[in-house]
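*Asks:* the following comprises the amino acid sequence and a computationally predicted model.
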Amino acid sequence: MKSLQNKLKKETVQKEDVIPEQVMRESSRKAKGRLKRKDSKPREDKDKRQKKQDDPEKLMEYVEVISDSEEVISVTPLAVKSPIVGWKSYCKEDVGYYEIHKADGSYKTYIFFSQMLNDFDREDLIVLYRLFNEKYASTRPGFDDLMLWGDMKVMFEPNSDDAVWKNHNSQELIEWKLYDSCGVHSLMLGEVSIHMLVEKKYPLPQDTLTRMLRWKLHVNYNVTEMAYELLRFIRSQLNQ
């Protein structure tokens, strides 16, 4: 009888030790679950806020539609388009001119790179950049070609050590504009124009990115999805 009583007493003690341990493990699991849910809520709230900020209606705050009658945008349909085969740069009465030659023998003359962007699509830019690379693979461009070549180098091969990316604080922001036909946005700071591909990240200071949004992105005639994507991209860089 004593032996039986001792055995029952021992089993009771073991059960009393096990039950609290199980309860503690269960309580710990529930506490972790509550903590996880609590931690995930701020992330969910942040995602909701970000999604709201990236909504097209919200992004419209950073866009200004302009219509300049002097700018004629004439993108040639691909079916009848003649590819670029060369260019010619020259100066006349202290003004630089660029002739862009097509395969069909036609050509068009421009004074500013921004004028080309109104007519070009992305393929035109890539072809012209390739032609420059082929010509100046081992030599430096001459004076007539230097400015156009410099604009394209900045656009396709940005280097954070270049002066164009520095000292923005002392420069007045004059214009930030989207050229939708070729997927390029242009930033004018003081007397310097920087042309950038919409999907490419450049070494722009945070202060400059903020000023760009405050200034608003100028677009011609209508707001496209490309404009929204560019604004989202600029905002994402500010949030990093």
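*Replies:* That came in fine, so what should we check first? Numbering: from 1, shown residues only.
*Asks:* low-confidence stretches in this structure?
*Replies:* For the chain, the stretches with pLDDT under 70 are 1-54, 68-80.
*Asks:* contacts only, for the residue nearest in space to the middle of it.
*Replies:* The chain has residue 233 as the residue nearest its centroid, 4.1 Å off, counting by CA atoms, centre = their mean. Neighbour list for residue 233: 198, 199, 201 [criterion: CB atoms under 8 Å, 6 or more residues apart in numbering]. Glycine gets a C-beta too; all of them are placed from N, C-alpha and C.
*Asks:* ok, now residue 203?
*Replies:* Listed by CB under 8 Å, 6+ apart, the contact set of residue 203 reads 158, 160, 165.
*Asks:* how about the nearest residue to the first one, chain neighbours excluded?
*Replies:* Spelled out, that is residue 158. The shortest distance from residue 158 to any non-neighbouring residue, by CB to CB, 6 or more residues apart in numbering, is to residue 202 (5.0 Å).
*Asks:* using the three-state scheme, assign the residue nearest to residue 141 when sequence neighbours are not counted.
*Replies:* Nearest residue to residue 141, sequence neighbours excluded (CB to CB, 6+ apart): residue 149, at 4.4 Å. Here residue 149 takes the helix state, with states given by DSSP: H, G, I helix; E, B strand; the rest coil.
*Asks:* quick check: which element contains residue 58?
*Replies:* helix 56-59 (DSSP states H and E).
*Asks:* what lies in contact with that helix?
*Replies:* 52, 227, 228, 231, 232.
*Asks:* three-state assignment of the residue nearest to residue 158?
*Replies:* Classified using three-state DSSP, residue 202 is coil.
*Asks:* any idea how far it is from residue 219?
*Replies:* 19 Å (CB to CB, to the nearest Å).
*Asks:* these two: which is more packed in?
*Replies:* Between residue 202 and residue 219, residue 219 has the larger neighbour count (other CB atoms under 10 Å), namely 21 against 17.
*Asks:* torsion angles phi and psi at the more buried one?
*Replies:* Main-chain torsions, residue 219, degrees, to the nearest 10: phi -130, psi 150.
*Asks:* OK, contacts around it?
*Replies:* 63, 64, 65, 66, 177, 178, 180, 227.
*Asks:* out of those residues, which are buried?
*Replies:* Among the contacts of residue 219, those scoring as buried are 63, 177, 178, 180, 227 (criterion: 16 or more other CB atoms under 10 Å).
*Asks:* surely the last one forms part of a helix?
*Replies:* Yes: with three-state DSSP as the criterion, residue 227 is part of a helix.
*Asks:* separation between it and residue 117?
*Replies:* Distance from residue 227 to residue 117, by CB to CB: 15 Å.
*Asks:* re the thing from before, buried members of the contacts of helix 56-59 into ChimeraX, please.
*Replies:* The buried subset of those, as determined by 16+ other CB under 10 Å, is captured in ChimeraX by this line:
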select :227,228,231
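*Asks:* how about the nearest residue to residue 99, chain neighbours excluded?
*Replies:* Excluding the flanking residues, the one nearest residue 99 by CB to CB, 6+ apart is residue 88, at 4.3 Å.
*Asks:* helices or strands up against the helix or strand hosting that neighbour?
*Replies:* Per DSSP H and E, residue 88 falls inside strand 84-92. Secondary-structure packing of strand 84-92 (3 or more CB pairs under 8 Å, 6 or more residues apart in numbering; DSSP states H and E): strand 95-102, helix 122-135, helix 143-156.
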